[in-house]
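[1] have a look; sequence and predicted model below, questions after that.
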Amino acid sequence: MATFRKVVFYLLAALYLTGCPLLILYALGYLFQPGAEHQVVKTGLLYVATLPPGASVTVGTIPCADRTPTMIRDLLPDEYVVTVTLDGYRPWSRVATIEAGKSTAFEKVLLLPDTWTPRELTTEAYEALWSIPGSPWLLLRKGPHLEEYLVFDPERLVSWPLVSAETPLHDATVRSIRMVEDNPRLVIALQARDGRHVVWLEPREQEPLVEDLTNLVGDAADQMLWDAEARRYLLTLQHGQLSRVDTETGTAASQSLGTLRGCGLFRNTLYALREDGVVLRREISGGREELLLNDPEIARSLFRGRGLFQIQVLSNTLLVFIGERGELLTNRLPYRFVERGVRGTAFDAPRERLLIWQKGRIGVLDFARAPDDPKIFERGPTLTWVYQHGRDLQQAFWVADGSHILFRDRQDLFLLDVDTLGLPPPQHLFEVRGAGGMVYAERSGTIYYLDRPSGRLCAVALVPRTPLSQKADAP
Amino acid sequence: MNFRYSKYHLQGREQFLQRALEILPGAISWSILLGMLILSFWKPILAAAIVIAFDLYWILRIFYMTLFLLLASLQLSLERTTDWLARVRAVDHPDRALQDLERAMVQTPLVRRIPLLLHRQALRQLARHPHPPPRSEEIFHLIILPMANEGREIVEPGLRSLAQQTFPSHQILIVLAVEARADLAIQRAAEELQRAYRGRFLDCLITRHPDGLPGEARVKGANATYAAREAARYFEARAIPFDHVIASCFDADTVVSREYVACLTYHYLIAPDRTRASFQPIPVYHNNIWEVPAFARVLDIGSSFMQLVEATNPEKLVTFSSHSMGFHALVDVGYWPVDMISDDSAIFWKAFLHYDGRYRVIPMYITLSMDIAAAGSWWRTALNVYRQKRRWAWGVENFPIVMRGFLRAKRISLSTKVRHTVKMLEGHVTWATGAFLVSVLGWLPAIVAGREFSGSVLYYSGPRIQAIIFQLASLSLVTTILLSLSLLPKQTTRRSLRASISHAIEWLFVPLIFICFSALPALDAQTRLLLGKRMEFWVTEKRRRQ
């Protein structure tokens, strides 16, 4: 046994001593190239993952044996045309540059179907469509009156009126609807026979919760805010004065913050921009006030003019200010990023990127791209205009974990791949009823829209329900 | 060699050396773990390359161990039907036995012939030896059963198994080694056991080890040593030579098969240098195997397998848990250390140094069964198991003492010293770091990858190589599962197919179990030693259904 043991030991030791360096070199991409040259070359690697998975990949003219997600090793440094095909989907093709020892990854190739097969969710026509924040529901408008608004549950395919015939003001005309992120409560301005009203409404499957705030909230409030979890307090900004409305007690209390030019809420903390340029924050319930910017020189150069600003608080340390003229500022250097014309924004929290759109272009403000190597001159977030040929951009959404941007230009929907180097041109998807809006639900990967000719609510699956994290070979 | 096997009462250079060597194993383990952690962030490509190198080493080590586990299991299985008493008698009459053996081998199938071949080889060696072994009727057994917290229900099954031996029990002296500090109930239990079993053995003594004797710590070795000294007086009074006595120090819950003492006697008789050897059976933990949580079961089956693998390498085998040795050697080396927790391995190293390396452990392919450290609830059992494994891992306390001994031992060859040093250090460091490296740190470079690393070939190929290595390791896991099923107590496996299936599934949790109850306690023990903290002997709580 002892001799046998020694033989086995020395065999395995020899195997390790020869195999280990070879295995590490192989893992690093080194390859012995047979043939006339007889040399060791350092290769690169290509990784392709598609949505949906199971697509065929061709590199150059050579088809790969495995279907996506797949890793193609041992590629000599060069440029290769990578083509991905799957029955029923449009072919996808890019030029990949393979470098020695490096990997090139197409981690979320979103394959688009050859033909779209929308599902009609309703038989009636509608004028407009919204997503109700903090819920899976959609809000549909059939006519101008409050009683003509419906709530639609796309998961169960059922709908019900937003208000019933018994609800006070049900026949009033809707003048505007305000929403905040992650909270299904809506502030609706109404025109009734006896004058203007403001109601705070929480959609419910049975009778909705409706509170008439007309006496507490001025109809002409410049800004209205409520926290994602707020059920009781509402903040209004009117003529520079901030008031806190307690809907339970029916009282409104002025907040002693001076004259304000804008405010924002984040996790029960109020962020305010004072007329003198001071930026501060304070818990809604009171408490200590913290000055975030108290430098008149900087404030003057940043918040020029006298207009109001919306404050979007993206995290505890990241603020975005959007002025009345559409100028966009942040608290990160160089502060001012867009001088005018911003129509909307959408934040990709995991990757810390802000999607910005104007009438004719779409940009990505990347806060995560902090410099890896500190330089003498600090480099702040970078704004990259990823699309500049828009006619009248209305809406934009992050799609598939921020790998793509879905946007509506008048009645046309487009999809733009922003993870691929070189930014390929956007792909046209289909047309929707332009004035009615559309909604994209990232959780289900579905686009909800109003059909252009019929006005019916339709749904199209843009991203397959396959988990995005499903990557067979990727770390 | 005259060497005081203790870490206490050292001075000057010896004290410094002892302390430095105490720091070494923990320092290496922590350096490996923290080094990998830092490298994963700082130099992820280097970290990933090291991970591949380690994983390859790990899979080859697993294959190596699985191969020898299979061979050891085969031998254990073949020896299961051996009539050890007949073999003992054969040693008394080797010439006649060899003739009988030749005839028997012709009628025996090839595989079954292996134990007979080994037996024939042993008899031939014995015949060539100038000094014949003592006759089997001259051999006496001293079996010490230390009792601290263990009541009658724990000790009696083992005592009963000793009374039912095929080997004549009137040649067995039982010593119930009770701690004087033990509860009155334990003292009474010992007395009841003595009354019940005295007539079935040569004798059944009770020793009461006083608490706090000079130079002693509260450790099992102190109690066993006290009992062995009493037994020495007993043998001297009856003029029984010490080299005719085999001493066994069992855990109180040890239950042996009917052939155990005969098997031990046989191995003692056929060993040419029998007084310079310890005898190591394969410990299994079957007494309460179906009464404990899955993790404890998997862990202790793993320990048994480890011992099986070790048994195939007698050159590096060290005594573990319940074991036996010649009483002459025990007295000669000054009994078990009285100030160390790991008395089982310490006695081997003490003898090894005392006899200048001319001392060895002879493996015996026979099992003895003990309890898994159960303690009622899941959490208490988990805590119990953790503490028990930490106590086992505290065997690292031998490392600095053995190294000091090696530095002084001029007659032990350098190659022997290097071989044992590497084995000890590698064993302890791998014990504390292996599971962490394979299960957690190995994946870290890919998880925390920065932009530079995530754009490299290694970022993708490294985890893929790891995955292939893990798939290969699963082959070994399947072998282990099948072996564990075959080793389970037969009546239980027949009774419940569901229990067998769930037992197989338990093995899938091996990575987690080994991190929590093997690597972590080992790292804990090494860290304590590194920091100069001491451990008192903590008596493992053991429970068995009545």
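    Received it, and whenever you're ready, just let me know what you need. Numbers count the residues shown, from 1 in each chain, chains lettered A, B, ... in the order given.
[2] pLDDT score assigned to the nearest residue to A:Gly143 once chain neighbours are set aside?
    Beyond its immediate neighbours in the sequence, the residue positioned closest to A:Gly143 (CB to CB, 6 or more residues apart in numbering or on different chains) is A:Glu127, lying 7.2 Å away. Backbone N, C-alpha and C define where each C-beta goes, glycine included. As predicted, A:Glu127 sits at a pLDDT of 93.
[3] just give me the neighbour total for A:Glu127.
    Residues lying near A:Glu127 (other CB atoms under 10 Å in any protein chain shown) number 16.
[4] repeat that for B:Leu414.
    Burial of B:Leu414 is recorded as 8 neighbouring residues (other CB under 10 Å).
[5] chain A contacts on chain B?
    By the rule CB under 8 Å from any CB of the partner chain, the part of chain B lying against chain A is B:45, B:48-49, B:52-53, B:56-57, B:60, B:63-64, B:67-68, B:71, B:312-315, B:443, B:446-447, B:449-452, B:454-465.
[6] name all residues that make contact with A:Arg231.
    A:Arg185 (CB atoms under 8 Å, 6 or more residues apart in numbering or on different chains).
[7] let's go with 10 Å and repeat that
    For A:Arg231, the residues meeting the contact criterion (CB atoms under 10 Å, 6 or more residues apart in numbering or on different chains) are A:Asn183, A:Arg185, A:Trp200, A:Glu202, A:Leu209, A:Thr247, A:Glu248.
[8] please name the nearest non-neighbouring residue to the residue in the stretch 151-300 of chain A positioned nearest to chain B.
    When you check the stretch 151-300 of chain A against chain B by CB to the nearest CB, the closest residue turns out to be A:Arg267, at 27.7 Å. Beyond its immediate neighbours in the sequence, the residue positioned closest to A:Arg267 (CB to CB, 6+ apart) is A:Asp227, lying 7.3 Å away.
[9] okay, now that neighbour: neighbour count?
    One way to gauge burial is a neighbour count; for A:Asp227, by other CB under 10 Å, it gives 21.
[10] I'd guessed it sits against A:Gly134; true?
    No: in this structure, A:Asp227 is not within contact of A:Gly134 by CB atoms under 10 Å, at 11.2 Å.
[11] dump the residue contacts of the closest residue to chain B within the stretch 1-150 of chain A.
    Taking CB to the nearest CB as the measure, the point where the stretch 1-150 of chain A comes nearest chain B is A:Gly29, at 3.7 Å. For A:Gly29, the contact set (CB under 10 Å, 6+ apart) comprises A:41-45, A:73-75, A:77, A:99-103, B:456-458, B:460-461.
[12] rewinding a little: filter the residues of chain B next to chain A to the buried ones?
    Neighbour counting over those (16 or more other CB atoms under 10 Å in any protein chain shown) leaves B:45, B:48-49, B:52, B:56-57, B:60, B:63-64, B:67-68, B:71, B:312-314, B:443, B:446, B:449, B:454-465 as the buried ones.
[13] which of those residues fall in helices?
    With helices taken from DSSP state H, the overlap with these comprises B:45, B:48-49, B:52, B:56-57, B:60, B:63-64, B:67-68, B:71, B:446, B:454, B:457-465.
[14] got phi/psi on A:Val48?
    Its backbone dihedrals place A:Val48 at phi -130, psi 120, with angles given as degrees, to the nearest 10.
[15] list the contacts for it?
    By CB under 10 Å, 6+ apart, the contact set of A:Val48 is A:55, A:57, A:59, A:64, A:66-72, A:82, A:84, A:92, A:94, A:96, A:104-107, A:109.
[16] give me the PyMOL select line for these, limited to the buried ones.
    Of the contacts of A:Val48, the buried ones go into a single PyMOL selection, burial set by 16+ other CB under 10 Å:
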select buried, chain A and resi 55+57+59+64+67+68+69+70+71+72+82+84+92+94+96+104+105+106+107+109
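[17] the contacts of A:Val48: which ones sit near chain B?
    Here is what survives when the contacts of A:Val48 are matched to chain B using CB under 10 Å from any CB of the partner chain: A:Met71, A:Ile72, A:Thr104, A:Ala105.
[18] take those residues and keep only those in strands.
    Filtering the ones next to chain B among the contacts of A:Val48 for membership in strands, criterion DSSP state E, returns A:Met71, A:Ile72, A:Thr104, A:Ala105.
[19] any idea which element A:Pro136 lies in?
    A:Pro136 belongs to no helix or strand when elements are defined using DSSP states H and E.
[20] surely it touches A:Leu157?
    No: the pair A:Pro136 and A:Leu157 fails to qualify as a contact (CB under 10 Å) at a distance of 11.8 Å.
[21] neighbour count winner among these two?
    Under the criterion of other CB under 10 Å, the comparison of A:Pro136 against A:Leu157 puts A:Pro136 first, with 14 against 11.
[22] contacting residues for that one?
    For A:Pro136, the contact set (CB under 10 Å, 6+ apart) comprises A:Phe152, A:Asp153, A:Pro154, A:Glu155, A:Arg156, A:Ala441, A:Arg443, A:Ser444.
[23] what does B:Ser278 give?
    B:Ser278 sits next to B:247, B:317-320, B:323-326, B:329-330, B:344, B:347-348, B:351-352, B:359-362 when contact means CB under 10 Å, 6+ apart.
[24] C-terminal to the helix or strand of chain B with the lowest mean pLDDT, what's the next element?
    None of the helices or strands of chain B scores lower by mean pLDDT, DSSP states H and E than helix B:490-495, at a mean of 54. Downstream of helix B:490-495, the first helix or strand assigned by DSSP H and E is helix B:497-506.
[25] burial count for the residue of the stretch 151-300 of chain A closest to chain B?
    Other residues within reach of A:Arg267 by the criterion other CB under 10 Å amount to 12.
[26] quick one: what helix or strand has A:Phe407 in it?
    Assigned by DSSP H and E, A:Phe407 falls within strand A:404-409.
[27] for the helix or strand just after that strand, the averaged confidence score.
    Tracing the chain past strand A:404-409, the next element assigned as helix or strand by DSSP H and E is strand A:412-417. Over the span of strand A:412-417, the pLDDT mean works out to 94.
[28] quick one: distance of strand A:412-417 to the chain centre.
    The gap between the average C-alpha position of strand A:412-417 and the chain average comes to 14 Å, counting by CA atoms, centre = their mean, to the nearest Å.
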